[in-house]
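Novice: Pasted the sequence and its predicted model underneath.
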Amino acid sequence: MPTLTIDGEEIEVEAGLTVLQACELAGKEIPRFCYHERLSVAGNCRMCLVEMERAPKPIASCAMPVGEGMVIKTDSELVKRAREGVMEFLLINHPLDCPICDQGGECDLQDQAMGYGMDKSRFVENKRAVKDKYLGPLVSTIMTRCIHCTRCIRFAQEVAGVPELGATGRGEHMEVGTYVEKALSSEMSGNIVDLCPVGALTSKPYAFTARSWELKKTESIDVLDAVGCNIRIDTRGSEVMRILPRNNDDVNEEWISDKTRHACDGLKRQRLDQPYLRKNGKLVAADWPEVLTAVAGRMNAADGKIGAIAGDLADCEAMTAMMDLMAATGSSNIDCRQDGGAFGDTRASYIFNSTIAGIEDADAVLLIGTNPRWEAPVLNARIRKRYLRGGVAAGLIGPELDLTYDLAHLGDGPSALDDLLASKGDFANVLKQASKPMIIIGSGALARDDGAGLLAKARQLAEKIGAVSDDWNGFNVLQRAASRVGGLDLGFVPKNKSSLDTAGIIAAAGRGKLDVVYLLGADEIDTRAMGDAFVIYQGHHGDVGAHRADAILPGAAYTEKNATYVNTEGRVQRAALAAFPVGEAREDWAIIRALSDTMGKKLPYDSLLDVRRRMADINPLFASPDETSIAPWGNVGDAGTTNDTAFEYPIHNFYMTDVISRASEIMAECTAVALGDNYSATGTNG
């Protein structure tokens, strides 16, 4: 480990670090524009200049590897003058847009001009002007502000894997753009707005709506997929103005998908803000006492002939209360799987056992019936990150996809899995020789009629290739719903063979065998097949479930409640209240608690803390938020038959997968652009 001297203090650092990283370890602040910890080194802004002994001129610290005996000065007069000169050059062509720039108040250029710039400029010539570029409905461009740091170009090429951005021209004539004008086709394009150190790239939907100092910032969790990205929700009053990523190296690093970032405008559209009851065939507004009394009467009269289905956005507190209420009615017809996906008897059968960060340790990846680019874009970026490091092979069973990294296409259906089990083909040898192979089976594959058989065969393959050992579990299920793992951890599934699952509840209701169906935010089901059953819908958007409902109980969206979710890797995480529920809507567990009181079956908790204690009683994992634990390997899937029908990916439109994104005008615009450009990860209009 080399030892170097920084501003008179000796420090020992790891070999391979840059001088900039060593200076930061020594507690020295080094200004930078082009350098970013998660991108390759460009070394083109020169703002990070430092003085090195025996060097003829200041060096770019971001591009200089550390060496034994280096003597670095970060605060000398030479360094001060060099940084002032660089800043003067950067501001030569930068327009004085700060009063109208959306980056104002959180702009790196503003901050560093104050800290390291001069109070005057010697430049009197005309500034250059650059034509703005079209990058789609999410990213706004004011390219005259661009300082050519190339962060956006490197992100598109390295992280997103969609190399559509680049530079043309040289020197003052250099321009960043898409070569041929088109919308960016990455599901993570919004991250370039966060990366841009000036106001050249800003959020188009957020343009001119708020200033950063006007916003209240709340740390929370995203629920629009099962990754559980850590986010920051910025609100003004009761309105969510924007959503930004929070850094969590174990989950999403510092990236989020475009849907996570921009679907938040759907939170203020098509909302259920008061209770409703169906009278004379029409839903009419009611107050809480009236609707609770009506619902309680129907549920009590049903005498246990009740079914409950939890939707993809249901939180664990609400599912706990719903499960306890159903038990009080004498019914065990509950299910948190709207798609009816198969799972085994152990937790290892439905979580991402390797963990998301563990992807970086894998040396072979097999994808079965999943499109991670649409089902979990941030997780897919992690696979690409591992691919770029080299030494890993990836294979796909399912229709061919562009997942932004090289794949061996092994077949469209389960017969390709049979071939691997029989050790046929080159990729079977790749898996067998790998020290840490990884199998990722999609939740859409497990929702097929032969899902149980597929789960069993994937388990057999994992054991055959040594993917499960004392220090590594490479068997992974990629869930799509934020509520799925939490619901399974709580046991929100049929308790015995006589209990009904989602398909059974819908069919029984259609045959008149169930009198009441309780939809806890369940919208991804065929509500028309429920016959004459009394349908209660509890949720926050007027989507499919609400249209069929006979009673509507308005709940809170994920930004409006303190709630618990468990991501696909089994990590318990907390979402936080950033804005209060709209109108007369209430937190979901509190609605169920009030309903239980009206029914005369009062649940034994009166506060959120009490509900969370109950969750921990059901499963001790809920007492340890922000942690993952090793799930014991056991009966992951029973032996079963499979048919050779080709896999079909469950998501046909990435931008609209839930009630929030379907209510979003921004996501509707993205859909129109994507379909208009014939863009799809499957090569179809999907």
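Specialist: Received the coordinates, thanks. Numbers count the residues shown, from 1 in each chain.
Novice: OK, contacts around the closest residue to Gly442 other than its chain neighbours?
Specialist: Spatial nearest neighbour of Gly442, excluding adjacent residues (CB to CB, 6 or more residues apart in numbering): Thr370 at 2.7 Å. Every residue, glycine included, has its C-beta placed from N, CA and C. Shown in contact with Thr370 (CB atoms under 8 Å, 6 or more residues apart in numbering): 398, 440-445, 478, 649.
Novice: give me every residue that touches Phe654.
Specialist: Phe654 touches 187, 259, 374, 377, 674, 681, counting by CB under 8 Å, 6+ apart.
Novice: re the thing from before, the contacts of Thr370 in strands, which ones?
Specialist: Within the contacts of Thr370, residues falling in strands by DSSP state E are 440-442, 478.
Novice: can those residues go into CSV with extra columns for pLDDT?
Specialist: Listed next are these as CSV, based on pLDDT from 0 to 100:
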residue, pLDDT
Ile440, 98
Ile441, 97
Gly442, 96
Leu478, 97
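Novice: Could you export those residues as JSON lines, including distance to Val295 and neighbour count?
Specialist: Below are the ones in strands among the contacts of Thr370 laid out as JSON lines (distance: CB to CB, whole Å; neighbours: other CB atoms under 10 Å):
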{"residue": "Ile440", "distance to Val295": "41", "neighbour count": "26"}
{"residue": "Ile441", "distance to Val295": "39", "neighbour count": "27"}
{"residue": "Gly442", "distance to Val295": "36", "neighbour count": "27"}
{"residue": "Leu478", "distance to Val295": "36", "neighbour count": "28"}
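Novice: and the residues you listed as a markdown table, adding distance to Asp234?
Specialist: Putting these into a markdown table (distance: CB to CB, whole Å) gives the following:
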| residue | distance to Asp234 |
| --- | --- |
| Ile440 | 33 |
| Ile441 | 37 |
| Gly442 | 33 |
| Leu478 | 29 |
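Novice: what residues are up against Asp526?
Specialist: Asp526 is in contact with Ile506, counting by CB under 8 Å, 6+ apart.
Novice: actually Thr502, not the one I wrote
Specialist: Per CB under 8 Å, 6+ apart, neighbours of Thr502: 309, 335, 337-340, 525.
Novice: and if we set it to 10 Å?
Specialist: 307, 309-310, 333-341, 493-494, 522, 524-525 (CB atoms under 10 Å, 6 or more residues apart in numbering).
Novice: what's the nearest residue to it if we skip its chain neighbours?
Specialist: Nearest non-adjacent residue to Thr502, counting by CB to CB, 6+ apart: Asp335, 4.4 Å away.
Novice: And the pLDDT for that neighbour?
Specialist: On pLDDT, Asp335 comes in at 97.
Novice: so how far is Thr346 from Asn473?
Specialist: Separation of Asn473 from Thr346 (CB to CB, to the nearest Å): 11 Å.
Novice: again with Gln433
Specialist: For Gln433, the distance to Thr346 - CB to CB - is 28 Å.
Novice: again, but for Ala563
Specialist: Using CB to CB, Ala563 is found at 26 Å from Thr346.
Novice: Buried ones only from the contacts of Thr502, please, as a ChimeraX command.
Specialist: Entered in ChimeraX, the line below selects the buried ones among the contacts of Thr502, by 16 or more other CB atoms under 10 Å:
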select :307,309,310,333,334,335,336,337,338,339,340,341,493,494,522,524,525
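Novice: In helices, which of the contacts of Thr502 fall?
Specialist: Using DSSP state H, no member of these sits in helices.
Novice: In strands, which of the contacts of Thr502 fall?
Specialist: Per DSSP E, the subset of these in strands is 307, 309-310, 334-335.
Novice: So which of those residues is the closest to Leu109?
Specialist: Closest to Leu109 out of those is Ala310 (47.5 Å), distances taken as CB to CB.
Novice: so what secondary structure elements neighbour the helix or strand bottoming out on mean pLDDT in the chain?
Specialist: In the chain, the helix or strand scored least confidently by mean pLDDT, DSSP states H and E is helix 665-676, which has a mean of 91. Applying 3 or more CB pairs under 10 Å, 6 or more residues apart in numbering; DSSP states H and E, one finds that helix 665-676 contacts helix 258-262, helix 659-662.
Novice: Compare Ala563 and Thr346 and say which one has the larger neighbour count.
Specialist: Here Ala563 and Thr346 are compared on neighbour count by other CB atoms under 10 Å; more neighbours surround Ala563, at 29 against 15.
Novice: for Asp450, what are its contacts?
Specialist: 342, 414, 456-457, 640-645.
Novice: Ile72 - that's part of a strand, no?
Specialist: Yes: counting by DSSP: H, G, I helix; E, B strand; the rest coil, Ile72 is found in a strand.
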